[in-house]
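Q: coordinates for the following, if possible.
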Amino acid sequence: MKTLPCLFLALLPLLVNAQRSRFIDSLLNNRVILVPKYTQPTESNESLLLKMNFGQPDILDTTGIWKLKDAHILSVDLVFTDYPSAQDLKPLNRKRYNNLFALIPINIHDDIISWQMIRQLDGKDKESSLGLLHGWVINYRPKFKTEDTETEIAYIDSIVKQLRKPAPIKDSVAPEKIRHWDVIHGKNANLYREWAGRPVKIITNDDRLVKRMLDKKDTLVKIPTELARKEHLLVFPQELAIRSDSVSLILSPAVVIIKGDPKTDKTFFDRERSIKTGTIPTVLNRIPLTKALVIVDVTGSMSRYTGQLLSWLSLHDEDLAVKYLVCFNDGGIKPDSQKKIGETGGIYGQEYIDVNNAASFIKTVMSRGNGGDEPENDCEAVIKAIEMFPDCNDVVLLADNWAPMRDISLAKDIHKPVKVVICGDNMIGVNPDCITVALLTGGSLHFLNEDVVDLTLLKEGKQMMIGGKMYKFNGRKVVEVKK
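A: Model prediction:
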């Protein structure tokens, strides 16, 4: 009887190698992602680069490989160039995969890991190819610890302290007598052309002019004409031309300043750039919102996006675009084994009052737990949020692109369209669960530079390219088309 266990142990390495070889074959036959030049992702994840020389399979430097211990590996990118374009690179890439597996025992059965081959097109010849990145890029999230929550809460505090506050309306101050030329061209021009901390591009009651002048990064605000006069926004002769009860203000993007020297402090530089030009402010400035319910994932590594949201809210307190705020932390401290679909919990909501109140609320939910494992309860959170605030109009979900939804089967039970804002680098394409929510609710997908509002192809059972990858609907959910 001892012979069989011994035989199994003897054959086990052969079985593992055969299984790995088939897995590598499937990867080599997958669609190659074509990009001009690859840039390592930096938002909401850590990234480890294992360099290789151009045209060579050997890994040159394994510095930092210890960081992968106990970490959640999100994606494994093989990055190479398109030179020579006519050459079959499969034999070379097979050696590269074998070298990687000899170095790191990555679980090939982990469905969360995205495996990608990325071919850079800027390598026109050998000389230009040598200057491009070659190697393995492993995107991961370290195992979340209690002190990490404290760090992320401290980051939210640092954001709130630096937010620009809208100037208060001074009802008791009489309007200053000014001349038209001074307002438009003089040293006080900015004083009279700013509203709630935002530079005013134009003030008008002509809707046609608004459509012509409104840029994607601008914000449109309507205010009573009398308030515009009180705030010195209307000046002669413009004041005489306004006959309606309200006027439209087109506001240019605000400048949010975070202390720190960008020349020496990369953390501050990245945060400042992200707050001004990141996914959340860019998308929310672009899409119209009324009486909106915003649902926020506040699990580990999402503080960058909650910081962006708070920055945007600080500039829109007067708009009343956001009416309700719901935060979820995937069950908080509940053990993963006890998380049942539809009953995971960790979902909290309140009416939106102002940015300081919202920041306090978000930090409270964050302090109640970081969620634990990678899958999250987005669909449960959306359903509960709509139940809390059924009179909401627009429903916005800030979704972690790196995390699958453990309860995607509940997407069919969401009965309002959901605008899904994709948080996280989309070089990996789009999390199919995010597309499923948008598709089944009649909603839309929103990226830093693009809005996908028409998912008709998926509804018709056809394949559709989103974020550089092909997807299809299998009758239950959206899945990636591997070949």
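Q: got any ranges where the stretch 101-250 of the chain has weak pLDDT?
A: Applying pLDDT under 70 to the stretch 101-250 of the chain picks out residues 144, 146-147, 164-199, 201, 212-213, 215-218, 230-232, 234-243.
Q: change it to 90
A: 104-133, 139-250 (pLDDT under 90).
Q: how about the residue nearest the centre of the chain: what's its closest non-neighbour residue?
A: Most central in the chain under C-alpha atoms, centre = their mean is residue 423, positioned 1.4 Å from the mean C-alpha point. In space, and not counting its chain neighbours, residue 423 is closest to residue 305: 4.6 Å by C-beta to C-beta, 6 or more residues apart in numbering. Heads up, the C-betas are built off the backbone N, CA and C, glycines and all.
Q: next: residue 411.
A: Nearest to residue 411 is residue 440, by C-beta to C-beta, 6+ apart, at 4.6 Å.
Q: check contacts around the one you found.
A: 411-412, 414 (C-beta atoms under 8 Å, 6 or more residues apart in numbering).
Q: would you tell me which strand is longest in the chain?
A: Counting by DSSP state E, the longest strand found in the chain is strand 72-81.
Q: from the contacts of residue 440, pick the one nearest residue 467.
A: Using C-beta to C-beta, residue 411 comes nearest to residue 467 of the contacts of residue 440, at 18.9 Å.
Q: secondary structure class of that closest one, three-state.
A: Look at residue 411: counting by DSSP: H, G, I helix; E, B strand; the rest coil, its state is helix.
Q: same question for residue 398.
A: strand.
Q: tell me who's in contact with it.
A: 280, 294-297, 302, 305, 309, 421, 423.
Q: which of those residues has the most neighbours?
A: Counting neighbours by other C-beta atoms under 10 Å, residue 423 comes out on top of those with 31 neighbours.
Q: is it true that that residue touches residue 282?
A: No - look at residue 423 against residue 282 with C-beta atoms under 8 Å: they stay out of range, at 11.8 Å.
Q: and the residue nearest to residue 469 when sequence neighbours are not counted, how far is that from residue 110?
A: Counting by C-beta to C-beta, 6+ apart, residue 469 lies nearest to residue 429, which is 3.5 Å off, once chain neighbours are set aside. Distance of residue 429 to residue 110, computed by C-beta to C-beta, to the nearest Å: 17 Å.
Q: same drill for those two, tell me which one is more crowded.
A: Legend: neighbour count by other C-beta under 10 Å for residue 429 and residue 110, higher for residue 429 (20 against 10).
Q: quick check: that one touching residue 466?
A: Yes - using C-beta under 8 Å, residue 429 is in contact with residue 466, at 7.2 Å.
Q: which neighbours do the two have in common?
A: With C-beta under 8 Å, 6+ apart, residue 429 and residue 466 have no common neighbours.
Q: if you count neighbours, what's buried in stretch 458-465?
A: Of the residues in stretch 458-465, 458, 464 count as buried by neighbour count, 16 or more other C-beta atoms under 10 Å.
Q: before we move on, what about stretch 339-357?
A: Those would be 339, 344-349, 352, 355, for stretch 339-357 by 16+ other C-beta under 10 Å.
Q: contact partners of it?
A: Contact partners of stretch 339-357, identified using C-beta under 8 Å, 6+ apart, comprise 160, 163, 294, 310, 313-314, 317, 322-332, 334, 358, 361, 364-365, 368-369, 371-372, 377, 380-381, 383-385, 388-389, 406-407, 409-410.
Q: show me what the helix or strand containing residue 161 packs onto, helices and strands only.
A: Remark: residue 161 resides in helix 146-162, with elements defined by DSSP states H and E. With contacts defined as 3 or more C-beta pairs under 8 Å, 6 or more residues apart in numbering; DSSP states H and E, helix 146-162 has these neighbours: helix 266-277, helix 303-314, helix 355-367.
Q: before we move on, back to that, buried ones in the longest strand of the chain?
A: 72-81.
Q: same thing with stretch 401-415?
A: 401-408, 410-411, 414.
Q: want to throw those residues into a markdown table with secondary structure?
A: Listed next are these as a markdown table, based on three-state DSSP:
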| residue | secondary structure |
| --- | --- |
| 401 | coil |
| 402 | coil |
| 403 | coil |
| 404 | coil |
| 405 | strand |
| 406 | coil |
| 407 | coil |
| 408 | helix |
| 410 | helix |
| 411 | helix |
| 414 | coil |
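Q: list the contacts for residue 323?
A: 291-293, 351-352, 389, 392-393.
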